[in-house]
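**Q** Got a predicted structure plus its sequence, pasted below:
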Amino acid sequence: MENLALFFFFILLLLSAFLLPSSSHQYNALFNFGDSMSDTGNVRIGRLPYGMTFFGRATGRCSDGRLVIDFIAQDLGFPLLPPSNERESNFSKGANFAWVAATVLGFDFFNERGLSKGLWVNASIYIQVDRFEKLLPSICGSTQDCKDFLGKSLFVVGEFGGNDYSTALFFGRSVDEVTTFVPHVVRAISDGVERLIGLGAADIIVPGLLPVGCFPLYLSNYHTPDPQDYGPRTGCSRRYNALSWLHNTQLRRTLDDLRRKNPAISIRYADYYSQIFDFAINPLKYGFTAGALRTCCGNGGGLYNYDQGRRCNDKGFTVCENISTHVNWDGIHMTEAAHRVIANGWLYGPYVDPPILTASLKS
């Protein structure tokens, strides 16, 4: 009986050596596009306490440490993705084209609506994919070589859209008006994905929008006295979460269309919304004893520890004693601890279907 148990033990060890992804050989490279949720240094903003938890210095990441894309890279066996504007970097294993404050739509869209003053970077999805295309010859050579190389690489396209909506909301436009932006935003994401497919991408993850009504920036700046405006279980703003929900619904339908149009391409949706919403409903389930809605690095006190005029790293800021118990870092971005949990939901499921690691084993 003891020998039989040992036999099965060694069989399990042997299987694990073949089944568990211990290196990046499942993918050639990892490429990322998006905004401040995944920028790893294209925009060099911020100073300590940004970066304090993992890096010990500010790196351009809008968090105290690593982001979802960092954890994905590490779990796939890749180095942390270098920002695409660091020309001296080695991009053979991937690159990050995300920019803080990036919109998915271009300057003209906002200029036509009198909103161009709200933009301070020019890094739409079109421009990010354009930069990617220009970088390709240095990564993989000829057009056909690149198609072969990219066909065995992983692409993460987004989160996109949050800055498109906030640009208008922060300038006093109504939620009803901003809702009309959704088809334009989703179409631009779709166009960006199709361009990448044309270049050779065959495995693409497209994250949806976060439930912005659960973030202190929106809860503080657009507070109303009516309790009916807030979810009874979460305390999140229903009105602003409805905008995120509409975006995600239309995005998922569009991704379905893209799958039908490109049956040989893997296009997966990453569900930020449900995962973060669950943080708000069940924070203790994830070890977030401080709850989901209160800012860790803040300057305002109050219910959410957030003040639009005195943000994290402005004079007088404070950082919570135990960052790992918080979901929210600075009012609109998340802590490393939250990013780790979200990354696990993408790598192992259920918030990407099939999960990244399961899919990589089949590639």
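**A** Here it is on my side, so go on.
**Q** rest of the way, CA atoms for contacts and neighbours
**A** Fine.
**Q** you'd agree residue 147 is in a helix?
**A** Yes: per DSSP: H, G, I helix; E, B strand; the rest coil, residue 147 lies within a helix segment.
**Q** Give me the neighbour count for it.
**A** As a burial measure, residue 147 scores 19 neighbours (other Cα atoms under 10 Å).
**Q** Do you know the pLDDT at it?
**A** pLDDT recorded at residue 147 is 96.
**Q** check contacts around it.
**A** 199, 200, 201 (Cα atoms under 8 Å, 6 or more residues apart in numbering).
**Q** Touching, residue 355 and residue 347? I think so.
**A** Yes: assessed by Cα atoms under 8 Å, residue 355 is found in contact with residue 347 at 5.2 Å.
**Q** Please identify which of these two sits among more neighbours.
**A** Between residue 355 and residue 347, residue 347 has the larger neighbour count (other Cα under 10 Å), namely 23 against 18.
**Q** Can you pull the phi/psi pair for the more buried one?
**A** When read as degrees, to the nearest 10, the backbone of residue 347 gives phi -70, psi -40.
**Q** Name the nearest residue to it, ignoring sequence neighbours.
**A** If the residues on either side of it in the chain are set aside, residue 347 comes closest to residue 356, at 4.6 Å by Cα to Cα, 6 or more residues apart in numbering.
**Q** The one you found and residue 316, how far apart?
**A** 41 Å (Cα to Cα, to the nearest Å).
**Q** So for the two, which residue has more residues nearby?
**A** residue 356 (24 against 11).
**Q** Can you report how many residues neighbour the closest residue to residue 320 other than its chain neighbours?
**A** Sequence neighbours aside, residue 296 is the residue nearest to residue 320 in space, at 5.0 Å (criterion: Cα to Cα, 6+ apart). A count of neighbours around residue 296, defined by other Cα under 10 Å, yields 28.
**Q** And residue 232, by the same measure?
**A** 12.
**Q** repeat for residue 117
**A** For residue 117, using other Cα under 10 Å, the count is 11.
**Q** Which of the three states applies to it?
**A** Under three-state DSSP, residue 117 comes out as helix.
**Q** ditto for the one 5 residues further on
**A** In terms of secondary structure, residue 122 is coil; the call rests on three-state DSSP.
**Q** ok, so of the contacts of residue 147, who is nearest residue 81?
**A** Using Cα to Cα, residue 201 comes nearest to residue 81 of these, at 17.7 Å.
**Q** wait, that closest one sits on residue 153?
**A** Yes: if you go by Cα under 8 Å, residue 201 and residue 153 touch, sitting 7.1 Å apart.
**Q** elements contacting the longest helix seen in the chain?
**A** For the chain, the helix that runs over the most residues, judged by DSSP state H, is helix 238-261. Secondary-structure packing of helix 238-261 (3 or more Cα pairs under 8 Å, 6 or more residues apart in numbering; DSSP states H and E): helix 175-179, helix 182-199, strand 266-270.
**Q** Can you give the contact residues for the second one?
**A** Read that as helix 182-199. 104-105, 125-126, 129, 133, 146-147, 150, 157, 160-161, 164, 204, 246-247, 250-251, 254-255, 258, 265.
**Q** In that helix, which residues are buried?
**A** By 16 or more other Cα atoms under 10 Å, the buried positions in helix 182-199 come out as 182, 185-190, 192-197, 199.
**Q** Rebuild those as a markdown table, extending it with distance to residue 118.
**A** Below are these laid out as a markdown table (distance: Cα to Cα, whole Å):
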| residue | distance to residue 118 |
| --- | --- |
| 182 | 18 |
| 185 | 17 |
| 186 | 20 |
| 187 | 22 |
| 188 | 19 |
| 189 | 21 |
| 190 | 24 |
| 192 | 23 |
| 193 | 26 |
| 194 | 28 |
| 195 | 27 |
| 196 | 28 |
| 197 | 31 |
| 199 | 32 |
